[in-house]
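Chemist: Model the structure of this input:
(4 chains)
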Amino acid sequence: MVLNSNDMVHLALLSFFKGLIVLGIMLFHAAYTVYAERKIIGRIQSRLGPREVGPYGLLQPLADLVKLLTKEDILPKEADRFLFKLAPLLLLVTTIVNLSVIPFYPDFIIADVHVGILVILAFAGLGVYGVILGGYASGSKYSLLGGLRSAAQMLSYEIPLTVSLAGVILAAESFRLGDIVEAQANSLFGMNLFPQVIGFLVFLICAFAETNRAPFDLPEAESELVAGYMTEYSGFRMGLFFLGEYISMYVMALLISLCYLGGWSLPPWMLSLLPILKEIPPVLILLVKVYFFIFLFIWVRATFPRYRFDQLMRLSWKVLIPLSFLNLLIVMFFKLLT
Amino acid sequence: MNPENYVPTEYLPLFIMLVLATLFAIGGLLLGAFIRPRFYYPEKLEPYECGNEPSGLPWQKIAIRYIPIAILFVVFDVEIAFLYLLGVSFSSISPLALGGAIFFIFLIILGFFYDLKKGYLEWTRF
Amino acid sequence: MSVVRILFFYFAFVILLSAFMGLRQRSPVKALLWILLLFVHIGGLYLLLNAEVLAFLQIIIYAGAILVLYLIMLLILDVREEERSMLYLKNWQSRIWAGLLVSFFFILGSLTFVNKHRGEHTLDKLKEVGPSKILGRLLFEDFTFPLIILAFLLLVPLLGIGLLFVKRRQDGSA
Amino acid sequence: MGLLNGYLVLGVLLFGIGLLGFIIRRNLIMMLISVEIMLNAVNIKLVALSHFMQDLKGQVMTLFVMASAAGAVAIGLIILLMVYRNKGTVDVEKYDLLRED
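Modeler: Next up is the predicted model:
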């Protein structure tokens, strides 16, 4: 594309404001997901959850923010100062950038690139550095071991995740998430879920592991490694790690909805059954799907006990990876039939 | 179009998002730096070790069981790269090429199952 | 100066700087971080060269897998800062020879190249069909045999993992 | 001077730095990293030529270089680990079992 400098400035400004909007909405969501999580888990465990700050505790995220900002920022004396400061930034930034290639509805995407899925995988791969460096730079044994364990966890679950995404790419023959959604809307079942149930389940389990959520929240396994690579972090730096976790939850939920559930489109048979569904704005459909997965994340956390580390590894290597390749085989077979 | 003046404009927003995210994180940290208290004393800066005096250096040799995982990850990452390219061009290649690609994938899966069979991925093996 | 040139010079500068800094850094973990910067910027350079797929594969494979393997290796072996001395090139004559050799490559590489070949994949065609599709088709159609060879090459480390599990004998030999 | 020459010169310079690193470092891991840098230098040239000659074969070649580099690194680090087990160090200068003193 040959653009003159005027167009370039225009594009830059446009994407700057789009980025601001997305970032703002996402931060708001992340803050209130923490609140929702505490409320829902409280209800599940027949407690009330936060209710002191504001009506129904609705101002709780604000109070959390103030607390994180005013907490002391401790740099342990053995720490490698530069790397210690770099690690949470690396994790958070690589997570936020993923949002820029995710379409929220047909015309709203920050960077409309050909290789959307590759971008997400590339930045997810860079996120591993945040974990390892955070563990290494703290100068504490628990941190180092926790960092290595989390890194091993992320690496082992990235393989089944990416292989099951290969099934999605195969079905749509494109890397662009918008094309993937369109291909699903035109397909037989209206969503990728149906030929690829195995892939969907594998992706879901890996999404839990990639975001370090229960039942795979080994970094938060107090009984084993204190708080893993986050042990020595305090105040807002730890807040950055947490923010990264919640935003990556949203990235994963968005990815699942876009890749397997048809994103903002509804299956054709559903539309022909209930024509009134055509009137729903596409962004709402996507939001419902995303909120469902976020609720699932919270629900699972309140329900399942934590995996032990060797069980975690065994699950990935012995179950999920063979299953993901099986899924790929099935998709190839389907594709060759049609 | 001339390759001399090709600019990948569609990646400009990605870069802007990168800058925005960095600015947000650093801005938060700076904001915190102005309002948070600082009362440091030596005990506070000790690395956490369940309340005991820290013993020994924090960096030590660790069991090599992470290495098989990392090596398998590298190999699978390369395979995934080819898998994705196969996925994108699946319906436009000839059967022979498809056979070659599937052979490539299967040979690596074979190697993986060999490792699995031999128990190299058992976490408790070391 | 056009935008392309500014971008090119930025990337070239950072690539050379980070390669240099990475290789003169004594602490291995910091050196790896410089190399990470190098790999990411090479990815950026590939974007300038209209190789989007390759740019992100560069980050996925080199930065996300190979360098992580190195990093885990460093942490596991607990490699500390190395001493400041040279293995090769201990006297000035050999340094001069090495410098001459490198500059010979430099001159040879940049001056003897004549750019005549023109392929069929023009920018317009790439934009029309989609670069990743053309790349995949070319890879699997024209390079089927190298792909099969590559499969055997990648099989080697998978089989070689077994070496890590060889028990040491009592006398210290492997 | 076209932009292509810039890319070619960049490739050569990066190759030179990689070579220099291979020569001056004593840490085996860093020596392997220098090899990676040299491979990357070649990759830059391949992709640049592919872009300016409008032929995607260069990119395919780069893909192969990346893949084989990954395989080589994997096996190289296994060997490094074996050596480390015997010697207890990654310093190349200590690997002098066959040297006569």
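Chemist: Please count neighbours and contacts with C-alpha atoms only from this point.
Modeler: Fine.
Chemist: Name the nearest residue to residue 22, ignoring sequence neighbours.
Modeler: In the absence of a named chain, chain A is used. Excluding the flanking residues, the one nearest A:Val22 by CA to CA, 6 or more residues apart in numbering or on different chains is A:Leu99, at 7.8 Å.
Chemist: looking at chain D here, not the other one
Modeler: Distances taken as CA to CA, 6+ apart place D:Met31 nearest to D:Phe22, at 4.9 Å, with adjacent residues excluded.
Chemist: buried sites along the helix or strand that that neighbour is a member of?
Modeler: Using DSSP states H and E, the element containing D:Met31 is helix D:28-52. Buried residues in helix D:28-52, counted by 16 or more other CA atoms under 10 Å in any protein chain shown: D:28-52.
Chemist: Could you look up the SS state of the residue nearest to A:Val22?
Modeler: Per DSSP: H, G, I helix; E, B strand; the rest coil, the secondary structure class of A:Leu99 is helix.
Chemist: Repeat that for C:Ile148.
Modeler: From three-state DSSP, the assignment for C:Ile148 is helix.
Chemist: and stretch A:299-308, how far from the chain's centre?
Modeler: How far stretch A:299-308 lies from its chain's middle: 18 Å, per CA atoms, centre = their mean, to the nearest Å.
Chemist: Please determine whether it lies in contact with chain B.
Modeler: No - judged by CA under 8 Å from any CA of the partner chain, stretch A:299-308 and chain B are separated, with a smallest distance of 11.0 Å.
Chemist: in that stretch, what's buried?
Modeler: Buried, per 16+ other CA under 10 Å, within stretch A:299-308: A:299-302, A:306-307.
Chemist: does the helix or strand bottoming out on mean pLDDT in chain C come close to chain A?
Modeler: Among the helical and strand segments of chain C, the one scoring lowest on mean pLDDT, DSSP states H and E is helix C:123-129, with a mean of 73. No - using CA under 8 Å from any CA, we find that helix C:123-129 stays clear of chain A, coming within 9.2 Å at best.
Chemist: who touches that helix?
Modeler: Here helix C:123-129 makes contact (CA atoms under 8 Å, 6 or more residues apart in numbering or on different chains) with B:1-3, C:134, D:54.
Chemist: again with stretch A:69-85
Modeler: Identification of contacts with stretch A:69-85 by CA under 8 Å, 6+ apart yields A:133-134, A:137-140, A:232-237, B:31-32, B:35-39, B:44-47.
Chemist: Selecting buried members of those in ChimeraX, what would you type?
Modeler: In ChimeraX syntax, the buried subset of the contacts of stretch A:69-85 is picked out as below (16+ other CA under 10 Å):
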select /A:133,134,137,138,139,140,232,233,234,235,236,237 /B:32,36,46,47
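Chemist: remind me which residues of the stretch 101-250 of chain A are low pLDDT?
Modeler: Along the stretch 101-250 of chain A, segments meeting pLDDT under 70 span A:219-227.
Chemist: and it, which of its residues are near chain C?
Modeler: Contact residues (CA under 8 Å from any CA) of the stretch 101-250 of chain A with chain C: A:114-115, A:118-119, A:121-122, A:125-126, A:128-129, A:136, A:148.
Chemist: 10 Å - rerun?
Modeler: For the stretch 101-250 of chain A, the residues in contact with chain C (CA under 10 Å from any CA of the partner chain) are A:113-129, A:132-133, A:136-137, A:144-145, A:148, A:151-152, A:155, A:173-175.
Chemist: picking that back up, please tell me I have it right and the residue nearest to D:Phe22 contacts D:Leu77.
Modeler: No - in this structure D:Met31 lies outside contact range of D:Leu77 using CA atoms under 10 Å: 11.5 Å.
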